[in-house]
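S.K.: Dropping the sequence and predicted coords here.
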Amino acid sequence: MRRRTFLHSCFGAVAGLKAEFLSGKPKSYPGHISEKPGQAENVLVKVIGTAQDGGIPHIGCFCSNCQRALKKPQLSRFISSLALFDLTENKTILVDATPDIRAQTMMIRERMNPKKTTNRYWPDGILLTHAHIGHYTGLMFYGYEALSTDRLPVYCSKRMNDFLTQNGPWSQLVGQKNILAKTISPGKRFSVTSQISILALQVPHRDEYSDTLGFQIKGPNRSLLYIPDIRNWKIWDRSVVEEVQKVDIALLDGTFFSPEELPSRDLSSIGHPFILDSMKILSEIAQSGKTQIFFTHLNHSNLALDPDGDARKMIEKNAFALAEDGMEFSL
């Protein structure tokens, strides 16, 4: 692809995403959990990103998935993140601060439909899963050089808290009180609004700078499990089957579909379960329909990204689904 054509495609993809996400209109997807009759949608979870840390299109990549996303902006994906809305209290809690934070902030602000126009907007809190680049580096935009927030609560594990407070440039955010790093303990539920409570679950992963958390998010009527990164379900000290059975919706690590994507890699070093293996483990739950299971944190190589491919068809045939940017669930 010539440089001018490539740049034109990139700018077109950004423009398409901007037009789509600034519309403020929630999308409807198969598996979307709609409200019960007479029940107000006061607590919502909006999926504002579903890609692995490098996003889709991936930097410097011209694989078939990335080429497809460049040609069709609707197939582009932001880096994995959730926004939790308590519309009664007019509060938003962000799950992970990604490198796509600028566009994702526009998504959540438009969805909140603020009653009055404000010059600046930031969420009421941020939950961090771990210290890999796609999950916390968006914090930089809350600093002095950008939004310069004031005591924005950032909920994280003790090890993640230590990482933020002891290492620059993150320690500058703490020192200048742009953020308030708040330690949370795995296994102890806490509230972020009067209607939303969080249970942090420690999961095994590549923990170079911090440990890794997943979250069980509970609203007034439903609950959602969010685990975008885990090394392996089998080495977790909890049963993924039991944890998924506890909730109504599960968004789980779907980074890779199968070993076929990585012919030259040592599979023992991958650090993620394959979708094929997850479907085997969770097949009975998915078929029962008691918990809706979606795969997120999708690597740009993922075979399931082809909407017409065999991998996507297999996922849907087995009663699973891919999470999509823009999906909403009521809790």
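M.R.: Alright, I've got the coordinates. If you're wondering where the values come from, they're calculated on a predicted model, not measured in any experiment.
S.K.: can you give me the strands for the stretch 51-200 of the chain?
M.R.: 81-86, 91-95, 125-127, 152-156, 179-183, 190-191, 197-203 (DSSP state E, counting those that start in this stretch).
S.K.: could you redo those strands as a markdown table and give each row mean pLDDT and distance to Asn167?
M.R.: (Glycine included, C-beta is placed from N, CA and C.) Shown next, in a markdown table, are the strands of the stretch 51-200 of the chain (pLDDT from 0 to 100; distance: least, C-beta to C-beta, whole Å):
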| stretch | mean pLDDT | distance to Asn167 |
| --- | --- | --- |
| strand 81-86 | 98 | 22 |
| strand 91-95 | 97 | 21 |
| strand 125-127 | 98 | 18 |
| strand 152-156 | 98 | 13 |
| strand 179-183 | 97 | 12 |
| strand 190-191 | 97 | 25 |
| strand 197-203 | 97 | 21 |
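S.K.: Might you report the residue contacts of Ser223?
M.R.: Going by C-beta atoms under 8 Å, 6 or more residues apart in numbering, Ser223 touches 216-217, 246-249, 331.
S.K.: nope, Thr98 is what I meant
M.R.: Applying C-beta under 8 Å, 6+ apart to Thr98 gives the contacts 49, 78-81, 104, 134-135, 137-138.
S.K.: what's around the residue nearest to Phe190 when sequence neighbours are not counted, how many residues?
M.R.: Distances taken as C-beta to C-beta, 6 or more residues apart in numbering place Ile198 nearest to Phe190, at 5.9 Å, with adjacent residues excluded. For Ile198, the neighbour count with other C-beta atoms under 10 Å is 22.
S.K.: partner residues bridging Ile198?
M.R.: Phe190, Ile217 (DSSP bridges).
S.K.: again, but for Asp86
M.R.: Assigned bridge partners for Asp86, using DSSP bridges, are Val43, Lys91.
S.K.: was I right about it contacting Asn42?
M.R.: Yes. At 6.9 Å, Asp86 counts as touching Asn42 under the criterion of C-beta atoms under 8 Å.
S.K.: When these two are compared, which one has more neighbours?
M.R.: Comparing Asp86 with Asn42 by neighbour count (other C-beta under 10 Å), the higher total belongs to Asp86, at 21 against 17.
S.K.: thinking again about what came up before, most tightly packed of the strands of the stretch 51-200 of the chain?
M.R.: Counting by mean count of other C-beta atoms under 10 Å, strand 81-86 has the highest mean neighbour count of the strands of the stretch 51-200 of the chain, with a mean of 26.
S.K.: chain center to that one, what's the gap?
M.R.: 10 Å (C-alpha atoms, centre = their mean, to the nearest Å).
S.K.: who are the neighbours of that strand, in terms of helices and strands?
M.R.: In terms of contacts (3 or more C-beta pairs under 8 Å, 6 or more residues apart in numbering; DSSP states H and E), strand 81-86 is packed against strand 43-49, strand 91-95, helix 101-112.
S.K.: Next, the angle from that strand to strand 197-203.
M.R.: Our comparison of strand 81-86 with strand 197-203, counting by axes from the mean of the first three to the mean of the last three C-alpha atoms, to 10 degrees, yields an angle of 160 degrees.
S.K.: Direction-wise, compare strand 81-86 with strand 91-95 and give the angle.
M.R.: Orientation of strand 81-86 against strand 91-95 (the same axes, to 10 degrees) gives an angle of 160 degrees.
S.K.: Residues contacting strand 81-86, please?
M.R.: Taking C-beta under 8 Å, 6+ apart as the rule, strand 81-86 contacts 42-49, 91-98, 100, 104, 107-108, 111-112, 123, 192-196, 217, 226, 251.
S.K.: Write the PyMOL selection for whichever of these are buried.
M.R.: Buried residues within these, by 16 or more other C-beta atoms under 10 Å, are selected in PyMOL with:
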select buried, resi 42+43+44+45+46+47+48+49+91+92+93+94+95+96+97+98+100+104+107+108+111+112+123+192+193+195+196+217+226+251
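S.K.: List the buried residues in stretch 130-140.
M.R.: Buried, per 16+ other C-beta under 10 Å, within stretch 130-140: 130-132, 134-140.
S.K.: Tell me which of those residues fall in helices.
M.R.: 134-136 (DSSP state H).
S.K.: Can you tell me which of those comes closest to Ser258?
M.R.: Distances from Ser258 to those, taken as C-beta to C-beta, are shortest for Gly134 (21.7 Å).
S.K.: quick one: low-confidence parts of the stretch 151-300 of the chain?
M.R.: Counting by pLDDT under 70, the stretch 151-300 of the chain contains low-confidence ranges at 263, 265-269.
S.K.: cutoff 90 now
M.R.: Low-confidence segments of the stretch 151-300 of the chain, defined by pLDDT under 90: 205-210, 259-271.
S.K.: returning to what we had before: tell me the residues that contact both of Asp86 and Asn42, please.
M.R.: Residues touching both Asp86 and Asn42 (C-beta under 8 Å, 6+ apart): Gln195.
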